[in-house]
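1. Below are the sequence and a predicted model; questions follow.
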Amino acid sequence: MTSETERALQEIGDAVRSVPGTDLDGVVDELLHARRIACYAGGREGLVMRGLVMRLFHAGLDAHYVGEMTCPAVGPGDLLVLSCGPGRISMVEALAGVARRDGARLLYLTAQPQNPPADQADVVVRVTAQTMADDQASAAALPMGSAYEIALFVLVDLITNRVRQRRTESVERLRSRHTNLE
């Protein structure tokens with residue numbers, strides 16, 4: 001592998017390893033205790049959150065992506081999962097405010113836990129990775145927030161594995177919920 005490739009893989013690996021297993025277990029607790037789950041992130045992080053919704057659906061949970069026509073209202077007993085690597089994104093802050101106002105719990109994934117809306121969250125999970133908040137003059141192999149986004153994709157599959165294990169569901173059961181309209 002080239003040194004650039006090795007550096008990129010190191011950045012992703014470091015970001016994934018920055019989240020302790022106890023934090024992943026805490027995320028799973030929140031997901032399994034929620035009546036309904038709604039997820040949101042902007043840009044490329046939004047693609048990762050859509051992947052999380054799909055896997056949670058495969059695992060038998062009532063999961064939705066914010067902005068889709070089928071996303072229900074959230075309230076007491078529900079969980080809003082937001083990801084915003086750099087923090088301080090107006091849409092994410094607004095959604096956090098709505099969730100808090102209407103009684104839903106808030107799980108927030110970020111690389112910048114000092115930035116809003118972390119202060120509104122019930123649970124904050126920090127993924128230590130470069131984002132657009134701290135990429136100026138960076139020597140990182142991956143640009144802007146790529147390390148965060150790619151690590152997040154790995155982390156949501158690790159979370160989904162734990163959900164499946166805790167629900168004692170086989171891979172075959174997950175596959176039975178996969179669409180046949182592809």
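-> That came through, no problem.

2. which regions of this structure lie under the pLDDT threshold?
-> Scanning the chain for pLDDT under 70 picks out 1, 132-144.

3. counting contacts, what elements does the helix ranked longest in the chain pack onto?
-> Looking across the chain with DSSP state H, the single longest helix is helix 146-166. Secondary-structure packing of helix 146-166 (3 or more C-beta pairs under 8 Å, 6 or more residues apart in numbering; DSSP states H and E): helix 3-17, helix 21-33, helix 43-58. From N, CA and C alone the C-beta is placed, and that goes for glycine too.

4. Tell me which of those is the most buried.
-> Each of these was scored by mean neighbour count; the highest is helix 43-58, a mean of 19, by mean count of other C-beta atoms under 10 Å.

5. now the angle between helix 146-166 and that one, please.
-> Angle, helix 43-58 to helix 146-166, by axes from the mean of the first three to the mean of the last three C-alpha atoms, to 10 degrees: 10 degrees.

6. Can you name every helix or strand that the helix or strand hosting Met91 contacts?
-> Assigned by DSSP states H and E, Met91 belongs to helix 90-101. Using 3+ C-beta pairs under 8 Å, 6+ apart, the elements in contact with helix 90-101 are strand 37-40, strand 79-83, strand 105-110.

7. For Leu61, which of those is the nearest?
-> With C-beta to C-beta, the closest approach to Leu61 among those belongs to strand 37-40: 6.0 Å.

8. Show me which positions of the closest one end up buried.
-> Going by neighbour count (16 or more other C-beta atoms under 10 Å), the buried part of strand 37-40 is 37-40.

9. Make a markdown table out of those and add distance to Pro86.
-> Listed next are the buried residues of strand 37-40 as a markdown table, based on distance: C-beta to C-beta, whole Å:
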| residue | distance to Pro86 |
| --- | --- |
| Ile37 | 23 |
| Ala38 | 21 |
| Cys39 | 18 |
| Tyr40 | 15 |
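
10. Which single one of those is nearest to Arg17?
-> The closest of the buried residues of strand 37-40, once distances to Arg17 are taken by C-beta to C-beta, is Cys39, at 23.4 Å.

11. Val154 is in contact with Ile12, isn't it?
-> Yes - contact criterion C-beta atoms under 8 Å: Val154 and Ile12 qualify, at 7.3 Å.

12. So Cys39 is in contact with Gly51, correct?
-> No - counting by C-beta under 8 Å, Cys39 stays clear of Gly51, with 9.6 Å between them.

13. What distance do you get for Gly87 to Arg100?
-> Distance of Gly87 to Arg100, computed by C-beta to C-beta, to the nearest Å: 16 Å.

14. same deal with Ser3?
-> Per C-beta to C-beta, Ser3 is found 46 Å from Arg100.
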